[in-house]
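Undergrad: kindly return the folded structure for what I paste below:
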Amino acid sequence: MSESAQHHAINYVEFSTTDIATTKKFYAAAFAWSFQDWGPEYISWDKATAGIAGGFRLRERGAEAGPAEPLIVLYSKDLKASEDAVIAAGGTIVVPTFEFPGGRRFHFSDGAGNVLAVWSE
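TA: Take a look at the predicted model:
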């Protein structure tokens, strides 16, 4: 996610999978997507091969693991200001800011059942 991105624009889509290797093999074979491994629990695909940058995170199998919903990720030039704006607008932070290779992000609920994330370098 290192390319320059537009502030508060959709920048990344994240899906979950119960099998990283099988998912990687499927999308590479079906659509010729290129992947980068970020350890045993995460792979990302390249915008050049898929049209938008994104990735797959490993999730547990079973009902307690929750649904396999995609996570839409917005970019922010100022993560703290974006978090403050979400709260001021009535949103709820559901995953506090955390670091990952390449940046930091938080997840929020918009109050209408949608959970999105915002990231920054």
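
Undergrad: where does the protein have low pLDDT?
TA: Scanning the chain for pLDDT under 70 picks out 1-4, 63-67.

Undergrad: can you give me the strands for it?
TA: 10-17, 35-37, 42-45, 54-58, 71-75, 92-100, 103-109, 115-120 (DSSP state E).

Undergrad: middle-most residue in the chain, spatially?
TA: With distances taken as C-alpha atoms, centre = their mean, Glu14 lies nearest the centre of the chain, 3.8 Å away.

Undergrad: go ahead and confirm that one touches Ala53.
TA: No. With contacts counted by C-beta atoms under 8 Å, Glu14 stays clear of Ala53, the gap being 9.8 Å. Heads up, the C-betas are built off the backbone N, CA and C, glycines and all.

Undergrad: which elements pack onto the helix ranked longest in the chain?
TA: Looking across the chain with DSSP state H, the single longest helix is helix 20-31. When contacts are defined as 3 or more C-beta pairs under 8 Å, 6 or more residues apart in numbering; DSSP states H and E, helix 20-31 packs onto strand 35-37, strand 42-45, strand 54-58.
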